[in-house]
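**Q** Next input, structure requested:
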Amino acid sequence: MTGSDVLQLHTLLGDYPNTAALKRGAVVSPRMRFDFSAEKLPQNAFKAVVRGEFDVAELAIVTCLQALSHGKPLVLLPAVVMAIPPHPCLAYNTAQGVLRPADLAGRRIGIRAHSVTTVAWVRGILAHDYGVDLDRVQWVAFEDPHVPECVEPPNVTRAPAGKTLLGMLHGGELDAGVVMAADQQDGRLQPVIPEPQAALQRWRERHKVRSLNHVVVLHRDLARAQPWVAEEMLRLLQQSAAQAPDMPGFDSMQFGIEALRPTLDLIIHYAFRQQLIPRRFAVDELFNM
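**A** Below is the predicted model:
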């Protein structure tokens, strides 16, 4: 194959231990090269992914499900590049007293956006494991959905302009918020779910699932015109992940339809129950759109 025959792929992929070897060129393909986006936060480019502006891209799984629901030109690969355990992410301000899942009715919870994958996981866990009526919670969003056809329910409101989730949470304007672990390090914020690591382990064992946030998608036209690209891309991602043996945890090293099936089935269930998608997909559909 000559240099002119090598596919040049416009690619969005975050900087993670499991993607580092691929992005620095330690893992290569004789058949394709990558034009990596300079975007440091992949989620900032997810709207462009949904519009079909990338050949290969990282994408949040709920955004992917919504995109496929509305006919966007994407095909899912069975590869996870980023995963966040959801149970510790819902946090409250300790200065306002202890807050538990049973106390959430009527409370204001800050979220980046209604369709964020971590938020969908948290809501699903609250509803199915703790009996929380999601319709009785006031969700305060700071961003629009990545898929423009996504319709927010009436109990989702937009935060005031100029406000931040952490600022409102620390200032007592929110009762809780879906935040990162790093946001809780100073002790002012604590998880709403008691003993979140133990609860996470029970959830994993009960459902036979692992955490899953960001997956990899191909542009549908590319996948159909060059069907070998999917297998080659999966091979490269696996090789890159294998060069990160000291990566904390292994939730971001998940490959293959059967390995992902229980987790995908659960997030599809959660997303459907939350009316994020209009119908329940069968898992195998996601790889044959």
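**Q** next SSE after the longest strand belonging to the chain?
**A** Of all the segments assigned as strand in the chain under DSSP state E, the longest by residue count is strand 74-82. Once the chain leaves strand 74-82, the next helix or strand it forms, by DSSP states H and E, is strand 90-93.
**Q** ok, which stretches of the stretch 51-200 of the chain are helices?
**A** Along the stretch 51-200 of the chain, the stretches classed as helices by DSSP state H, counting those that start in this stretch are 61-69, 117-130, 165-170, 196-207.
**Q** okay, those helices, which one's buried deepest?
**A** Comparing the helices of the stretch 51-200 of the chain on average neighbours per residue, with mean count of other C-beta atoms under 10 Å, the densest one is helix 61-69 at a mean of 25. Just so you know, the C-beta spots here come from the backbone N, C-alpha and C atoms, and that holds for glycine as well.
**Q** which residues make contact with that one from outside it?
**A** Contacts of helix 61-69 from elsewhere in the structure, counted by C-beta atoms under 8 Å, 6 or more residues apart in numbering, are 46, 49-50, 59, 74, 76, 115-117, 120, 145-147, 149-150, 212-215, 217, 264, 267-268, 271, 276-279, 281, 286, 289.
**Q** what sits against Ala225?
**A** Per C-beta under 8 Å, 6+ apart, neighbours of Ala225: none.
**Q** Quick one, grab the pLDDT at it.
**A** The predicted local distance difference test score for Ala225 is 96.
**Q** what do you get for Ser4?
**A** You'll see Ser4 listed with a pLDDT of 57.
**Q** what's near enough to touch Trp203?
**A** Contacts here follow C-beta under 8 Å, 6+ apart; on that basis Trp203 touches His87, Ile125, Asp129, Val209.
**Q** residue contacts, Ser240?
**A** The contact partners of Ser240, taken as C-beta under 8 Å, 6+ apart, are Asn18, Thr19, Ala20, Ala21, Leu22, Lys23, Ala26, Val27.
**Q** Quick check: Leu222 is in a helix.
**A** Yes - for Leu222, which was evaluated using DSSP: H, G, I helix; E, B strand; the rest coil, the result is membership in a helix.
**Q** Mind giving me the packing neighbours of the worst-scoring helix or strand of the chain on mean pLDDT?
**A** Per-element confidence for the chain was summarised using mean pLDDT, DSSP states H and E. The lowest value among helices and strands belongs to strand 254-255, with a mean of 92. Counting contacts by 3 or more C-beta pairs under 8 Å, 6 or more residues apart in numbering; DSSP states H and E, strand 254-255 packs against strand 74-82, helix 228-242.
**Q** now the angle between strand 74-82 and the longest one, please.
**A** For the pair helix 228-242 and strand 74-82, the angle between their directions (axes from the mean of the first three to the mean of the last three C-alpha atoms, to 10 degrees) equals 0 degrees.
**Q** buried sites along helix 228-242?
**A** Using 16 or more other C-beta atoms under 10 Å as the burial criterion, the residues of helix 228-242 that qualify are Val229, Ala230, Met233, Leu234, Leu236, Leu237, Ser240, Ala241.
**Q** Same list (those residues) but as JSON lines, adding distance to Ala259 and pLDDT.
**A** Formatted as JSON lines, the buried residues of helix 228-242 follow (distance: C-beta to C-beta, whole Å; pLDDT from 0 to 100):
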{"residue": "Val229", "distance to Ala259": "21", "pLDDT": "97"}
{"residue": "Ala230", "distance to Ala259": "16", "pLDDT": "96"}
{"residue": "Met233", "distance to Ala259": "17", "pLDDT": "97"}
{"residue": "Leu234", "distance to Ala259": "12", "pLDDT": "97"}
{"residue": "Leu236", "distance to Ala259": "18", "pLDDT": "97"}
{"residue": "Leu237", "distance to Ala259": "13", "pLDDT": "96"}
{"residue": "Ser240", "distance to Ala259": "17", "pLDDT": "94"}
{"residue": "Ala241", "distance to Ala259": "13", "pLDDT": "92"}
